[in-house]
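Asker: Sequence first, predicted coordinates after that:
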Number of protein chains: 4
Amino acid sequence: MSTTRNGAAFAFRLDADSGVPVYRQLIDQVTGSLAAGSLAAGNQLPTVRQAAVDLAINPNTVMRAYRELEIRGILETQQGTGTFISRQKSKRPDAERQRQLSQLVSDFLARAGAAGFTVEELLEQIHDPYADRPKNRR
Amino acid sequence: MSTTRNGAAFAFRLDADSGVPVYRQLIDQVTGSLAAGSLAAGNQLPTVRQAAVDLAINPNTVMRAYRELEIRGILETQQGTGTFISRQKSKRPDAERQRQLSQLVSDFLARAGAAGFTVEELLEQIHDPYADRPKNRR
Amino acid sequence: MSTTRNGAAFAFRLDADSGVPVYRQLIDQVTGSLAAGSLAAGNQLPTVRQAAVDLAINPNTVMRAYRELEIRGILETQQGTGTFISRQKSKRPDAERQRQLSQLVSDFLARAGAAGFTVEELLEQIHDPYADRPKNRR
Amino acid sequence: MSTTRNGAAFAFRLDADSGVPVYRQLIDQVTGSLAAGSLAAGNQLPTVRQAAVDLAINPNTVMRAYRELEIRGILETQQGTGTFISRQKSKRPDAERQRQLSQLVSDFLARAGAAGFTVEELLEQIHDPYADRPKNRR
DNA sequence: GTGGTCTAGACCACA
DNA sequence: GTGGTCTAGACCACT
């Protein structure tokens, strides 16, 4: 419904089990995508209502995330048009990006450990995701 | 006092900027360390009080994390003695285990890809999950 | 407000003289009511605050009980909405289930026999588990 | 090692999962057995050391239970000889007995419910404990 | 000295 | 209004 200038739709993705507050996940995804380059100045974000419907959350939660990003100068709201990435550069993209990477990975390791997997198994699976390996297991 | 029985120190770290609840960070670090192999069955964890002092948090917060891990069967506590990693009874069948591993990894890769991280960055972070972060202490 | 969706009121009771921790009594009453059929999947439990007021205990104590039940998969909580009995996913094989039932019952009978209770007394109490006790409120 | 006058040994039995403090379980078993008639005035109890060894608990815990029973006038300690049930009648055996029955049963129901059994299944098993009934199950 | 239970009360996240 | 996180601090159970 809202497409970015390069033709790819930007969409949020929630993880209900991560322990990270929803509004925080939304903020992180915008700043992260900015750092990664998948969002750029001028791109439009999903409307508050659309995001709320897509994610099955309360519009207030989306609004809160957008408001905080606006306060930080990352977003700009144009009444009656939508919400867009502002032209101003984000101040510390590297630190943010590193924090996100770190969290993503430690979260991944935490889940794997809780399920009894080792790093070795994970790496093997990452390198060869479609191999069927019913043996090699005890 | 600061070393476990096998001579390796286990210590928690907190990231005050992540938005993840403290008790949840503790839980994730235990299960993550299990996957990484830096914690193994029988190892003693820091005492509730010691961890609370080290992290400058309330003992109740540590206890809450430990209790949740105990309910999940990952820890065993011995009143008056301490808290230990329990011997895992992972009696899951191989097929289901493989399916879960595959799911876990593809989820992770999808999430990381959406955030614009390369596999190289991920692998580097997995190998040294706590490196490179300027301020992650409370 | 004091009735669940199916019209039957569910209420906790405390026995201050039993020596059993309050949060544990709450947990046991939920699981016990599941066995007795007075609670079923989808039923709403008293809100944390309401139960705390009714029992004259701290809301944190109620929340602790609810949380433990949630970790065990017996409850589901919805932020801002309430706490509900979850639909059970008991995918246990029949043989193991029967073995567990048998173990549970013979344990119970052994314990009761050692304490000098007759089967008649036990059956009567099972049919009306909360009858006949002069002072069991806090 | 210590036998009662009617030839049957009195032995304690602990339940680590019930949530009831150990010292309290010991007290309850003495008062319960008195009410049930399996212990009578003059009977000797296990020595503190013997009970501690048998139950794999700390002697202090046994001592505490015995001390409280002595304060209540239920036990008498004879230096160098052992610990015996005193001749004085316990004040409210019925209420105590009813409390124990109630706790025993609600504990039983709580465990059964947590494991997904219904009262019907329990009653069936109690009435016919050795029947194999692999069918009738979904 | 270890973990365990409970309270009182503040502030946050979400519908 | 609902549940969720955290603190400070008291007192208990056990080794």
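Answerer: Yes, it's here.
Asker: Can you pull up the most central residue in chain A?
Answerer: The centre of chain A sits closest to residue A:29, judged by C-alpha atoms, centre = their mean, with a distance of 2.9 Å.
Asker: I'd like the domain boundaries of chain A, if you could list them.
Answerer: As assigned by automatic domain parsing, chain A contains the domains A:22-85, A:93-127.
Asker: among the ones you listed, which is nearest DNA strand E?
Answerer: domain A:22-85 (3.1 Å; C-beta to the nearest atom of the strand). Every C-beta, even on glycine, is put in place using the N, C-alpha and C of the backbone.
Asker: Can you get me the start-to-end distance on that closest one?
Answerer: By C-alpha to C-alpha, to the nearest Å, the extent of domain A:22-85 from end to end equals 20 Å.
Asker: likewise stretch A:39-50?
Answerer: From its first residue to its last, stretch A:39-50 covers 18 Å (C-alpha to C-alpha).
Asker: do the same with stretch A:36-56
Answerer: For stretch A:36-56, the first-to-last residue distance is 26 Å (C-alpha to C-alpha).
Asker: Give me the mean pLDDT for that stretch.
Answerer: In this model, stretch A:36-56 has a mean pLDDT of 83.
Asker: List the buried residues for it?
Answerer: Going by neighbour count (16 or more other C-beta atoms under 10 Å in any protein chain shown), the buried part of stretch A:36-56 is A:36, A:38-39, A:43-48, A:50-52, A:55.
Asker: ok, so of these, who is nearest chain B?
Answerer: Here the nearest of these to chain B, counting by C-beta to the nearest C-beta, is residue A:36; it sits at 2.0 Å.
Asker: gap between the residue nearest to the closest one when sequence neighbours are not counted and residue A:104?
Answerer: Distances taken as C-beta to C-beta, 6 or more residues apart in numbering or on different chains place residue B:116 nearest to residue A:36, at 2.0 Å, with adjacent residues excluded. In this view, residue B:116 and residue A:104 are 11 Å apart by C-beta to C-beta, to the nearest Å.
Asker: Give me the more crowded residue out of those two.
Answerer: Neighbour count, other C-beta atoms under 10 Å in any protein chain shown: between residue B:116 and residue A:104, residue A:104 has more, with 21 against 18.
Asker: got the contact list for the more buried one?
Answerer: Shown in contact with residue A:104 (C-beta atoms under 8 Å, 6 or more residues apart in numbering or on different chains): B:108, B:111, B:112, B:115, B:117, B:122, B:125.
Asker: which SS state does the first one fall under?
Answerer: Assigned by DSSP: H, G, I helix; E, B strand; the rest coil, the conformation of residue B:108 is helix.
Asker: Any idea how many residues pack against it?
Answerer: Using other C-beta under 10 Å, residue B:108 is surrounded by 22 other residues.
Asker: pLDDT at it, what is it?
Answerer: Confidence score, pLDDT, at residue B:108: 88.
Asker: Can you list the residue ranges for helices in chain A?
Answerer: Using DSSP state H, the helices found in chain A span residues A:22-36, A:48-55, A:59-71, A:93-114, A:119-127.
Asker: contact partners of the shortest one?
Answerer: If I follow you right, that is helix A:48-55. Applying C-beta under 8 Å, 6+ apart, the set of residues contacting helix A:48-55 from outside is A:1-2, A:11-12, A:14, A:22, A:26, A:45-46, A:58-59, A:61-63, A:66, A:83.
Asker: how about a cut-off of 6 Å?
Answerer: For helix A:48-55, the external contacting residues (C-beta atoms under 6 Å, 6 or more residues apart in numbering or on different chains) are A:1, A:12, A:14, A:59, A:62, A:63.
Asker: quick one: which of those residues has the most company?
Answerer: In terms of neighbours by other C-beta under 10 Å, the contacts of helix A:48-55 top out with residue A:62 at 26 neighbours.
Asker: so who does it touch?
Answerer: Contacts for residue A:62 (C-beta under 6 Å, 6+ apart) come out as A:48, A:51, A:52.
Asker: give me the low-pLDDT residue ranges for chain A?
Answerer: A:1-9, A:79-80, A:88-93, A:129-138 (pLDDT under 70).
Asker: of all of chain A, which residue lies closest to chain C?
Answerer: Closest point on chain A to chain C, by C-beta to the nearest C-beta, is residue A:58, at 8.4 Å.
Asker: What separation do you get for the closest residue to that residue other than its chain neighbours and residue A:23?
Answerer: With C-beta to C-beta, 6+ apart as the criterion, residue A:58 has its nearest non-adjacent residue at 6.4 Å, and that residue is residue A:52. Shown here: residue A:52 relative to residue A:23, a distance of 12 Å by C-beta to C-beta.
Asker: Stretch A:58-75 and DNA strand E, any residue contact?
Answerer: Yes: counting by C-beta under 7 Å from any atom of the strand, DNA strand E is contacted by stretch A:58-75 at A:58, A:60, A:61, A:64.
Asker: Looking at the residues you listed, which is nearest chain D?
Answerer: For these, the residue nearest chain D by C-beta to the nearest C-beta is residue A:58; the value is 33.5 Å.
Asker: Take the residues of stretch A:58-75 next to DNA strand E and write them to JSON lines, including distance to residue D:77 and neighbour count.
Answerer: Output for the residues of stretch A:58-75 next to DNA strand E, formatted as JSON lines (distance: C-beta to C-beta, whole Å; neighbours: other C-beta atoms under 10 Å in any protein chain shown):
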{"residue": "A:58", "distance to residue D:77": "66", "neighbour count": "12"}
{"residue": "A:60", "distance to residue D:77": "68", "neighbour count": "11"}
{"residue": "A:61", "distance to residue D:77": "66", "neighbour count": "18"}
{"residue": "A:64", "distance to residue D:77": "68", "neighbour count": "18"}
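Asker: Tell me the one of these nearest residue B:99?
Answerer: Residue B:99 lies nearest to residue A:61 out of the residues of stretch A:58-75 next to DNA strand E, by C-beta to C-beta, at 32.7 Å.
Asker: can you list the residues of chain A near DNA strand E?
Answerer: Residues of chain A lying close to DNA strand E (C-beta under 7 Å from any atom of the strand) are A:21, A:22, A:23, A:24, A:57, A:58, A:60, A:61, A:64.
Asker: swap the cut-off to 6 Å and go again
Answerer: Applying C-beta under 6 Å from any atom of the strand, we find that chain A lies next to DNA strand E at A:21, A:22, A:23, A:57, A:58, A:60, A:61.
Asker: how deep is the closest residue to the third one other than its chain neighbours tucked in, by neighbour count?
Answerer: So that's residue A:23. Nearest non-adjacent residue to residue A:23, counting by C-beta to C-beta, 6+ apart: residue A:65, 4.4 Å away. Neighbours of residue A:65 under the rule other C-beta under 10 Å: 25.
Asker: Check the gap between residue A:16 and residue C:78 for me.
Answerer: From residue A:16 over to residue C:78 (counting by C-beta to C-beta), the distance is 11 Å.
Asker: quick one: contacts for the residue nearest to the centre of chain A?
Answerer: By C-beta under 6 Å, 6+ apart, the contact list for residue A:29 reads residue A:12.
Asker: And it, how far from residue D:110?
Answerer: As judged by C-beta to C-beta, residue A:29 and residue D:110 stand 43 Å apart.
Asker: what does residue A:85 give?
Answerer: The gap separating residue A:85 from residue D:110 is 55 Å, by C-beta to C-beta.
Asker: Now the nearest residue to residue A:33 once chain neighbours are set aside: phi and psi?
Answerer: Once flanking residues are discounted, residue A:33 sits nearest to residue A:39: 4.0 Å by C-beta to C-beta, 6+ apart. The phi/psi pair for residue A:39 (degrees, to the nearest 10) reads phi -130, psi 140.
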